[in-house]
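>>> structure of the sequence below:
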Amino acid sequence: MPEDILSDQLKEQVRATGSADIVVGIPSYNNARTISHVVQAAQAGLLKYFPDRRALIVNSDGGSKDGTREAVLGTTINTRALLLVKHPLHPVHRLATPYHGLPGKGSAFRTIFRVVELLQARASAVVDADLRSITPEWIDLLLRPVLDLEYDYVAPYYKRHKYDGTITNSIIYPLTRALYGWRVRQPIGGEFGMSGRLARHFLTRDVWHTDVARYGIDIWMTTTALAEDFKLCQSYLGAKIHDAKDPGSDLSAMLVQVVGSVFSLMETYAEVWPGRDGSRPTPILGFPFEVGLEPVPINVARMVGTFRQALRDLAPVYERVMLPAQLHELQVCAALPDERFALPDELWVTVIYSFALAYHRRVLDREHLVKSVTPLYLGWVASFACQTEHEDASQVEERIERLCLVYEDLKPTLISQWPLGATDKR
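Numbers count the residues shown, from 1 in each chain. This next block holds a predicted model:
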């Protein structure tokens, strides 16, 4: 572990806190508007649920220009408004620090994990700085399974609007589940708990100067925990309320980043995932109460138009990735009127598996290859929206479950086509 991850001054600040059982990390970049609420919730959660534990809140900031760090240090909490089981034995310390290295969330996490290592903390949690729905209970739900039940990794389990999290629903959740054999519903949720042991293990991995550190840290952490047999659970956090956007206009860059990371991790763990059949439920802790959800805007006509245009403009790319029969089926779908537009689950899964294989074989420049998935994904979202327009949350979840089973059923085909002897040992 390089010694310059934390500056000498920052190390002294960390050591000055003495020791800590718990570290809560909040990576940020220009989140002055929301971060005070997140810090207050974290601090209240630590005071209320872990009054006998030494705790440190670390804001790992990526060079904010809007006063984010000052907002963290200036945040106050009204402890009189809390009903505490017993008076806290230790104060909750706060530390705002710039992180060093590649721009991106992963570099922020690396700083947080280094603090965990330096303090030999037993448990840590990370939460996004732009959350509007975080409550003090989240801190308990993310940390308690580690401290009391010896879990190594706690993934979030949310209620989300049916058009929020479409990248997760269409690709990341079902593909990760099919590959590694565990059902982790929100593998890129943004809020996680972990043992000190796992945080220190993450630091030993050689990913911090790769695109993982820029874009794919959430899915990398989840996949590492799954593939390397750490003990996992999920905690029900209620609603995730954030600034959700129309999937057709704002999520393309995220798809490229996250899907590229998933495909890369398939190479890293090519000796693991082919041997895992089916999937098993991951324990869910907490009480799954119903919550109100904010609607997510969606423009089906625009997404279908993008899908159709791509089949024309990117035909030479798709011909190198997919079988002629797959491409023909996509073209048949494109010819349907908007109100009846649909992509069959089997077709969608074979398309994603074809792109995973093409990525591994380096059929094209990898970034360009993954970018070309985006308009096809928008076609899936449009199809999903048409099919679920009048369905409630439970019906939508059943539909996603059926999609997951198709990923699992078609996995043997993927394995049979995966080139042998070309495993990436990163």
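>>> and the residue nearest to the spatial centre of the chain, what does it touch?
Note on the chain: the residue nearest the mean C-alpha position is Ile188, at 1.2 Å, using Cα atoms, centre = their mean. Under the criterion of Cβ atoms under 8 Å, 6 or more residues apart in numbering, the neighbours of Ile188 are 167-168, 172, 218-219, 222, 258. (C-beta placed from N, C-alpha, C; glycine too.)
>>> repeat that with 10 Å
If you count contacts by Cβ atoms under 10 Å, 6 or more residues apart in numbering, Ile188 has them with 155-156, 165, 167-168, 172-173, 176, 216-222, 254, 258, 261-262.
>>> now the residues you listed: which count as buried?
155-156, 165, 167-168, 172-173, 176, 216-222, 258, 261-262 (16 or more other Cβ atoms under 10 Å).
>>> could you find the closest non-adjacent residue to the residue nearest to the centre of the chain?
Asp218 (4.2 Å; Cβ to Cβ, 6 or more residues apart in numbering).
>>> my guess is the one you found contacts Val126, does it?
Yes - with contact defined as Cβ atoms under 10 Å, Asp218 counts as touching Val126 (9.3 Å).
>>> send the alpha carbons of the helix or strand containing the residue nearest to Ile188 over as CSV?
Secondary structure from DSSP states H and E places Asp218 in helix 217-227. C-alpha atoms of helix 217-227 as CSV (Å, rounded to 0.1, in the frame of the first residue of the first chain):
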residue,chain,number,x,y,z
ILE,A,217,-16.2,0.9,-7.9
ASP,A,218,-19.7,-0.1,-6.7
ILE,A,219,-20.0,-3.1,-9.0
TRP,A,220,-16.3,-4.0,-8.4
MET,A,221,-16.9,-4.2,-4.6
THR,A,222,-20.0,-6.3,-5.0
THR,A,223,-18.5,-8.6,-7.5
THR,A,224,-15.3,-9.1,-5.5
ALA,A,225,-17.4,-9.9,-2.4
LEU,A,226,-19.5,-12.4,-4.4
ALA,A,227,-16.7,-14.0,-6.3
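>>> what is the helix or strand following that helix packed up against?
Per DSSP H and E, helix 217-227 leads on to strand 232-239 as the next helix or strand towards the C-terminus. For strand 232-239, the elements it packs on are helix 136-149, strand 153-159, strand 182-183, strand 192-195, helix 217-227, strand 284-285, judged by 3 or more Cβ pairs under 10 Å, 6 or more residues apart in numbering; DSSP states H and E.
>>> so where's this structure uncertain?
1-4, 77-95, 97-104, 242-252, 289-295, 420-426 (pLDDT under 70).
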